[in-house]
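> Curious how this folds, go ahead:
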Amino acid sequence: MIGWILGILGGALLVLAILAPLESLGWWWRRGERSTIRLFAAPQQPAVDHALPERFVVYLSGVGVLDGHGDTPEEERACLAEISRRAGVPVLDGIFPYAVHRHGLLQGTMAGFWRAVARIRSERRASVLPFVIQLRNVLQVLVAADPRYGATYYAGLAQQVWTKLAAHGYRRGCGVPVTLLGYSGGAQMSLGVSWFLTLLGVRCSVISIGGVYSDDPGFEHVEHFWDLRGGKDVIRLAGPLAFPGRWGVNVASTWNRARRAGRVTILDAGPVAHDGPGSYFDLTTQAADGRTHAEVLVATVVGLLEDASRVAPRG
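As a prediction, this is how the structure comes out:
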C-alpha cells in the first residue's frame, strides 16, 4: 500500500513538474505577448471620476488556495477585513497567484479533479491528495522564481493585479502607491508583480508574511520589503535554503544589495507557526501579551502600512 501511494505521488510530481513551465509559456505564445504590449502601450490616465484612497493593498495568499475566488481561508479574510478597517485603505484579494491567467484550478480543464481534491480536504478525510494542491502551486512558485520563465509568468500575474486595481478606480499615472501583501509563496509572487507594476510607474512596497522567496529582480524595484518571520515557522526557511541568491556569500545578488541599501526590514513575529494552529492568522491562539496571533498580525501590518507612507520614493 505504501509503495502504491508513493508511486502515485511520484507520478503526480513528475507530471506536474513537466507541465509547470508550459502553462505560462503557452499563455505567452497564445495571447500573453500581445496583451502585455497593449498594457505598456496604453497612455497614462491620471484623471479619475472619484477620489482614490491614499494607498491600495493587494493580497496574494499561500500555496493552499485553489482559485482565489472565495476559497481564501476564513481566518485570512477576517484579518484582511480588519486591516482594511483599521488602516482605512482597500485590501484587494480574490487573485489566484499560481497561474498566469485569471482562472484558478476550479475553472481549468482538470476542474473536476481539483473539485474532488477540494471536497476531500474540506471533509478532512484521510488522504494524501490534498497535498497535491500545495505541490502544484509550489511548482508554480519555482517557475516564477526561475530566471528563464519568471518574466513571462509575472507578466500574466501582473495583469491580473492590474485588472483588479483598475476595477477599483486605479488609473495609470494616478500616483497612488501599492503595497503587496504576500503570504508564504505569495511573497515570491508579490516581488514579481512589483517588478512589472513599477515599470508602469507604480510605487510599490511588499510585506511578506512567512514568505518563501528568492533573490527576485523585484528587489531592484520595490521601495521597501518587510519580512515577518515566525519563530516556529520552518517552512519559510525553504527560501534561504533553496535559493543561492539569498546566501550571504552572494554579495552581488538583488537580495543582498537591497539589504545593504536598507530597503529590507526583517521582523520577529514571535513563536508563530507557518500554518494551522498557532499560525500568523490564528484567531484563537494567544501571544504573550494576551492578544491572538491574528490581532498581533493585524496591528503589525497596519503599522507597516503607516511606515510605507513615510518611505521616500525611489529616484
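
> Could I get the phi/psi values of the residue positioned nearest the centre of the chain?
The residue lying closest to the centre of the chain (CA atoms, centre = their mean) is G186, at 2.0 Å. Note on G186: its backbone torsions stand at phi -60, psi -20 [degrees, to the nearest 10].

> Apart from its chain neighbours, what residue comes closest to it?
In space, and not counting its chain neighbours, G186 is closest to L60: 3.5 Å by CB to CB, 6 or more residues apart in numbering. No exception for glycine: its C-beta is placed from N, CA and C like everyone else's.

> correct me, but that neighbour touches P97?
Yes. Proximity of L60 to P97 meets the contact threshold set by CB atoms under 8 Å, at 4.3 Å.

> Which residues are in contact with each of those two?
Taking CB atoms under 8 Å, 6 or more residues apart in numbering as the criterion, L60 and P97 both touch G182, G186, M189.

> Pull up the gap between the second one and S61, please.
Think G186. When distance is defined by CB to CB, to the nearest Å, G186 is 6 Å away from S61.

> do the same with the first one
With the distance defined as CB to CB, G182 ends up 8 Å from S61.

> Show me the common contact partners of these two, please.
Common neighbours of G182 and S61 (CB under 8 Å, 6+ apart) are P97.

> In JSON lines, list the shared contacts of L60 and P97 along with pLDDT and distance to P217.
Listed next are those as JSON lines, based on pLDDT from 0 to 100; distance: CB to CB, whole Å:
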{"residue": "G182", "pLDDT": "98", "distance to P217": "16"}
{"residue": "G186", "pLDDT": "97", "distance to P217": "17"}
{"residue": "M189", "pLDDT": "97", "distance to P217": "13"}
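
> any idea which of those is closest to S122?
If you rank the shared contacts of L60 and P97 by distance to S122 using CB to CB, G186 comes first, at 21.5 Å.

> Who are the contact partners of that closest one?
Y59, L60, S61, G62, P97, G211.

> and what of L267?
Applying CB under 8 Å, 6+ apart, we find L267 in contact with W226, D227, L228, R229, T300.

> One more: A312?
Applying CB under 8 Å, 6+ apart, the residues near A312 are E223.

> what about P43, how many residues close to it?
Look at P43: counted by other CB atoms under 10 Å, it has 6 neighbours.

> Tell me how far the residue lying closest to it once chain neighbours are set aside lies from A166.
Nearest residue to P43, sequence neighbours excluded (CB to CB, 6+ apart): R172, at 7.6 Å. From R172 across to A166, the span is 9 Å (CB to CB).

> higher neighbour count, those two?
The neighbour count for R172 versus A166, taken as other CB under 10 Å, is higher for R172 (17 against 12).

> Which of the shared contacts of L60 and P97 sits closest to R34?
M189 (22.7 Å).

> Got the confidence number for the nearest residue to the closest one once chain neighbours are set aside?
Nearest residue to M189 in three dimensions, chain neighbours excluded: P97, at 4.0 Å (CB to CB, 6+ apart). On the pLDDT scale, P97 is placed at 93.

> got the contact list for P97?
L60, S61, V65, G68, L157, G182, G185, G186, M189.

> All set now, cheers.
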